[in-house]
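**Student:** This is a predicted model, with the sequence first.
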Amino acid sequence: MVQIKALACELPATRGLPLSRFSCADIVREAQQCGIVARISDTTVWRWLHEDAIRPWQHRTWIFPRDPDFARKAGRILDLYAKQWEGKRLRCDEFVLSTDEKTSIQARVRKYPTSPPRPHCHTRVEHEYARAGAWAYLAALDVHRAKVFGRCEKTTGIDPFSRLVDQVMRETPYRDARRVFWIMDNGSSHRGQPCVRRLTEAYPNLVPVHGPIHASWLNQIEIYFSIVQRKALTPNDFSCLNEVEDRLLRFQEHYESMATPFDWRFTRNDLAKLTKKFLAKPVPLRLAA
């Protein structure tokens, strides 16, 4: 039993097999060929593996933290979610926004009309479609007020992102706020010190906060994007590109009418435990979505 479990915990390539992952049948075949057992059933192997929740036929995508300043950058974001900055409580006239872009949202015009659901029949969406263009959807989420600002642009870039910033910062209460923290990743539209200089020169009360590289799971706007994808864009069935824009912008209002701030529970203490674990032994962080 122990040898079978050990075999299941190996990568097939380390044994010279042209497989990406093991199935129960593969494990049985390899165990017999290498002399671990003379005969064993797939069911027995599955039962033994099930005892320790070993499932080599499944996989998950991960990414290793490679930013040397990961803990500090991540910690600042977690502090902002907890309404803290540099050890002090945020004031009532200070706000936290999470921002990013959702690229290449296509308008797929189906070649046969979609049929609605009916008893004993799902909604049916024609497989074939014509492309009618695509938008880049830029958005910012006020994480403590569950308020969304978004716009559709033909492409991403510095100028489109600047227009989103203008859209937000020219409105109250952000225009007159003491500080407005913008949490963002390191994409080309808002990367590094040139971005910091550009934004702070335009809006002295704006504080750019860049996350660690490859840490999109820390950015709450990604949670909103996942909701948009599920609720507004799937299935992708539009008559034209303008309909995509209309759907996205009206969904913002729909979302705000019933949304509350995300119940974010990952804290600095959780980060410290995780950091200690992957410093002691390289352990990957899960890549979100």
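**Tutor:** Yep, it's here.
**Student:** Could you check the pLDDT of residue 57?
**Tutor:** Residue 57 is assigned 95 on the pLDDT scale.
**Student:** Skipping its backbone neighbours, what lies nearest it in space?
**Tutor:** residue 23 (5.1 Å; CB to CB, 6 or more residues apart in numbering). Yep, even glycine has a C-beta here, placed from its N, CA and C like the rest.
**Student:** That neighbour: neighbour count?
**Tutor:** 14 (other CB atoms under 10 Å).
**Student:** ok, now residue 4?
**Tutor:** Residue 4, neighbours per other CB under 10 Å, totals 20.
**Student:** Would you mind writing the CA trace of the biggest helix by length in the chain as PDB?
**Tutor:** Scanning the chain for the longest helix, with DSSP state H as the assignment, gives helix 241-256. Extracted C-alpha coordinates of helix 241-256, given in PDB (Å, rounded to 0.1, in the frame of the first residue of the first chain):
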ATOM      1  CA  LEU A 241     -20.100  45.900 -29.500                       C
ATOM      2  CA  ASN A 242     -22.200  48.800 -28.000                       C
ATOM      3  CA  GLU A 243     -24.400  46.200 -26.300                       C
ATOM      4  CA  VAL A 244     -21.400  44.900 -24.400                       C
ATOM      5  CA  GLU A 245     -20.600  48.400 -23.100                       C
ATOM      6  CA  ASP A 246     -24.200  49.000 -22.200                       C
ATOM      7  CA  ARG A 247     -24.300  45.700 -20.300                       C
ATOM      8  CA  LEU A 248     -21.100  46.400 -18.400                       C
ATOM      9  CA  LEU A 249     -22.100  49.900 -17.300                       C
ATOM     10  CA  ARG A 250     -25.600  48.900 -16.400                       C
ATOM     11  CA  PHE A 251     -24.300  46.000 -14.400                       C
ATOM     12  CA  GLN A 252     -22.300  48.400 -12.300                       C
ATOM     13  CA  GLU A 253     -25.500  50.100 -11.200                       C
ATOM     14  CA  HIS A 254     -27.200  46.700 -10.700                       C
ATOM     15  CA  TYR A 255     -24.300  45.500  -8.500                       C
ATOM     16  CA  GLU A 256     -24.200  48.600  -6.400                       C
END
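**Student:** Hmm, residue 91 is touching residue 178, no?
**Tutor:** Yes: using CB atoms under 8 Å, residue 91 is in contact with residue 178, at 6.2 Å.
**Student:** ranges for the strands of this structure?
**Tutor:** In the chain, the segments counted as strands under DSSP state E are 62-63, 84-85, 88-89, 94-110, 129-142, 147-153, 179-184, 206-210, 285-286.
**Student:** What is the first one packed up against?
**Tutor:** For strand 62-63, the contact count by 3 or more CB pairs under 8 Å, 6 or more residues apart in numbering; DSSP states H and E identifies strand 285-286 as packing neighbours.
**Student:** tell me the mean pLDDT for the strand it packs on?
**Tutor:** Computed over strand 285-286, the average pLDDT equals 48.
**Student:** going forward can the numbers begin at 51, since that is how I track them
**Tutor:** Fine by me, first position is 51 from now on; the one you just mentioned is strand 335-336.
**Student:** that older thread, could I get the strands of the chain as a markdown table with distance to residue 88?
**Tutor:** As requested, the strands of the chain are exported to a markdown table (distance: least, CB to CB, whole Å):
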| stretch | distance to residue 88 |
| --- | --- |
| strand 112-113 | 37 |
| strand 134-135 | 63 |
| strand 138-139 | 69 |
| strand 144-160 | 55 |
| strand 179-192 | 55 |
| strand 197-203 | 63 |
| strand 229-234 | 60 |
| strand 256-260 | 59 |
| strand 335-336 | 40 |
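**Student:** shaky segments in the stretch 51-200 of the chain?
**Tutor:** Flagging of the stretch 51-200 of the chain using pLDDT under 70 yields an empty set of residue ranges.
**Student:** Next up, the contacts around residue 208.
**Tutor:** 239-240, 245, 248 (CB atoms under 8 Å, 6 or more residues apart in numbering).
**Student:** make it 7 Å
**Tutor:** residue 239 (CB atoms under 7 Å, 6 or more residues apart in numbering).
**Student:** Tell me the spacing between it and residue 242.
**Tutor:** Distance of residue 208 to residue 242, given as CB to CB, to the nearest Å: 12 Å.
**Student:** And for residue 299?
**Tutor:** Taken as CB to CB, the span from residue 299 to residue 242 is 30 Å.
**Student:** Run through who's touching stretch 274-291.
**Tutor:** Contacts for stretch 274-291 (CB under 7 Å, 6+ apart): 152, 155-160, 164, 175, 182-183, 185, 189, 191, 198, 294, 297-298, 301, 339.
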